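J.: Got a predicted model here, sequence first, then my questions.
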Amino acid sequence: KEGYEGTLMVNKFPFFIIFLELDPSVVDFNVHPKKLHVRFEKEELLYNKVYNIIRSLVDEKFIEEEAKYISTDLNNFIPSNEIQVEKSEDLLVKNNTELEGVEILTEKEEIFEESVQLDLLDQIAGNQFGKKSFPDSYIRGKYIISKGFPKLRLISYTGQLNNKIYVVLEGTNENNEEGLFLLDQHAASERIKKEKLLATYEKTKIFKQKLIQPLKIEVSPSEKVFLEETLDDIKRLGFKFEHFGGNTFILREIPTIMNKLPDIHIIKEIISDITEIGKDKSFKDVKEEIINYLACHKSIRGGDDLSLKDIRNLLVELAACKDSYHCAHGRPTLKFISYKELDKLFKRTV
């Protein structure tokens, strides 16, 4: 389970068969009357070896090569008699080149193409014939309604869909196939926040901001015990709590990725939730789960309206992640549909 961590969705588990060749003298088979459990002489060494083997394969198959498998299969929408096996030369994979860096354009470097916007009557807006000029936002937001025809309109100029969960992009995958990408804005933001929190926890230099006016927070007795036992670990995540007395704590610092001071009720909710997560285990055992929770809590949400700058920053930061293709809970951040698949869907090719 830990070897697959971060690549499977919640409540999904890997199927596995493990073969171990060991000296029988290092295994105690008499731990359980029904032999349901055994004890190894060097459990930590064995655990690390099995974990590293599994994790290396997971990294290779689910992370490093993920872009090859995120394409949405459209064959279900194509009649079976029209699906033909592609020629072998079409299946050759081109040599991959690693991304050495992410190009970031400043506003001055942005290139805008001049375009002509047509109004709903297919006339050039504001032309010499005196046609009324419609604002771009009006044209994009106006549905075309006709009996026997679907209710349609243009998507927003940012590519963000109306449900404000997905963003439509176009590009090229690592196999040099051109097509459309669908971005889940919450999943992408959650991955970015998780890796930042992990980096903060694992580094001695913590990026945090002091509060001009510290928050005084009242907690429950169980939350008090949890905070007292984990103050140093929580501090490594960027939160600096001090025990003020009784069930009262003072919050003096928060991690910079929180951007601004959250409402005191949100801080109380965070304390309550991470206490519940870690009540029966040590912080080390639930560190990943707590970080996943915090990453989810401070991410862009489904329903948040994003600007062009927001979406571009999201893509730049996602591209720099170690695992760009999964959120903190294992869901995909991107899905790809090639133009070749669209051609098959519209029967331009068979």
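T.: The structure has been received and is ready for your questions. Numbers count the residues shown, from 1 in each chain.
J.: Tell me where the model's unsure across the chain.
T.: The chain contains residues with pLDDT under 70 at 31-35, 62-138, 140, 204-207, 257-263.
J.: Assign residue 321 to helix, strand or coil.
T.: coil (DSSP: H, G, I helix; E, B strand; the rest coil).
J.: what number of residues lie near it?
T.: Residue 321 sits with 17 neighbouring residues when counted by other CB atoms under 10 Å. Yep, even glycine has a C-beta here, placed from its N, CA and C like the rest.
J.: so it sits right up against residue 192, yeah?
T.: Yes: with contact defined as CB atoms under 8 Å, residue 321 reaches residue 192; the gap is 6.2 Å.
J.: For residue 324, grab phi and psi.
T.: Torsion angles at residue 324 (phi, psi; degrees, to the nearest 10) stand at phi -80, psi -10.
J.: From residue 270, how far off is it?
T.: 26 Å (CB to CB, to the nearest Å).
J.: Between these two, which is the more surrounded one?
T.: Higher neighbour count among residue 324 and residue 270: residue 324, with 20 against 17, using other CB under 10 Å.
J.: how near is residue 345 to residue 338?
T.: In this structure, residue 345 and residue 338 are 11 Å apart, going by CB to CB.
J.: out of these two, which sits in the more crowded spot?
T.: Using other CB under 10 Å as the criterion, residue 345 and residue 338 rank with residue 338 on top: 18 against 14.
J.: What residues are recorded as beta-bridge partners of the closest residue to that one other than its chain neighbours?
T.: Leaving aside its chain neighbours, residue 338 sits nearest to residue 179 (3.8 Å; criterion: CB to CB, 6 or more residues apart in numbering). Note on residue 179: beta-bridge partners by DSSP bridges are residue 171, residue 338.
J.: what residues are up against residue 179?
T.: Contacts for residue 179 (CB atoms under 8 Å, 6 or more residues apart in numbering) come out as 71, 170-173, 336-342.
J.: do residue 190 as well
T.: 295-296, 299, 327-329.
J.: Now these in CSV, please, with extra columns for secondary structure.
T.: Shown next, in CSV, are those (three-state DSSP):
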residue, secondary structure
295, helix
296, helix
299, coil
327, coil
328, coil
329, coil
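J.: Show me which pair in those is furthest apart.
T.: Comparing all pairs in those by CB to CB, the longest separation belongs to 299 and 329, at 11.2 Å.
J.: The two: which has the busier surroundings?
T.: The neighbour comparison of residue 299 against residue 329 (other CB under 10 Å) goes to residue 299, with 22 against 19.
J.: Nearest spatial neighbour of the more buried one, chain-adjacent residues omitted?
T.: Going by CB to CB, 6+ apart, residue 299 has residue 189 as its nearest residue, at 3.9 Å.
J.: Am I right that the one you found is in a strand?
T.: No: read with three-state DSSP, residue 189 is helix and lies in no strand.
J.: That one is in contact with residue 314, isn't it?
T.: Yes: between residue 189 and residue 314 there is a contact under CB under 8 Å: 6.4 Å.
J.: Which parts of the protein are strands?
T.: Taking DSSP state E as the criterion, the chain carries its strands at 27-28, 39-40, 144-146, 149-152, 166-172, 178-184, 208-218, 240-245, 248-255, 334-338.
J.: Let me have these in a markdown table, adding distance to residue 197 as columns.
T.: Below are the strands of the chain laid out as a markdown table (distance: least, CB to CB, whole Å):
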| stretch | distance to residue 197 |
| --- | --- |
| strand 27-28 | 39 |
| strand 39-40 | 33 |
| strand 144-146 | 45 |
| strand 149-152 | 41 |
| strand 166-172 | 23 |
| strand 178-184 | 19 |
| strand 208-218 | 12 |
| strand 240-245 | 15 |
| strand 248-255 | 7 |
| strand 334-338 | 21 |
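J.: Indicate which one of those is closest to residue 9.
T.: strand 178-184 (12.7 Å).
J.: Now do the closest one and strand 334-338, the angle between them.
T.: Interaxial angle, strand 178-184 versus strand 334-338 (axes from the mean of the first three to the mean of the last three CA atoms, to 10 degrees): 160 degrees.
J.: Specify the angle between strand 178-184 and strand 166-172 in degrees.
T.: Using the same axes, to 10 degrees: strand 178-184 against strand 166-172 is 150 degrees.
J.: send the alpha carbons of strand 178-184 over as CSV?
T.: The C-alpha trace of strand 178-184 is given here as CSV (Å, rounded to 0.1, in the frame of the first residue of the first chain):
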residue,chain,number,x,y,z
GLU,A,178,-1.2,16.8,-30.9
GLY,A,179,-4.6,17.1,-29.2
LEU,A,180,-6.7,18.4,-26.4
PHE,A,181,-5.9,18.3,-22.7
LEU,A,182,-8.5,18.5,-20.0
LEU,A,183,-7.2,19.9,-16.7
ASP,A,184,-8.9,19.3,-13.3
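J.: Check the burial of the residue nearest to residue 299 by counting its neighbours.
T.: 24.
J.: Could I get the contacting residues of it?
T.: By CB under 8 Å, 6+ apart, the residues touching residue 189 are 299-300, 314.
J.: and the gap between it and residue 276?
T.: Distance from residue 189 to residue 276, counting by CB to CB: 24 Å.
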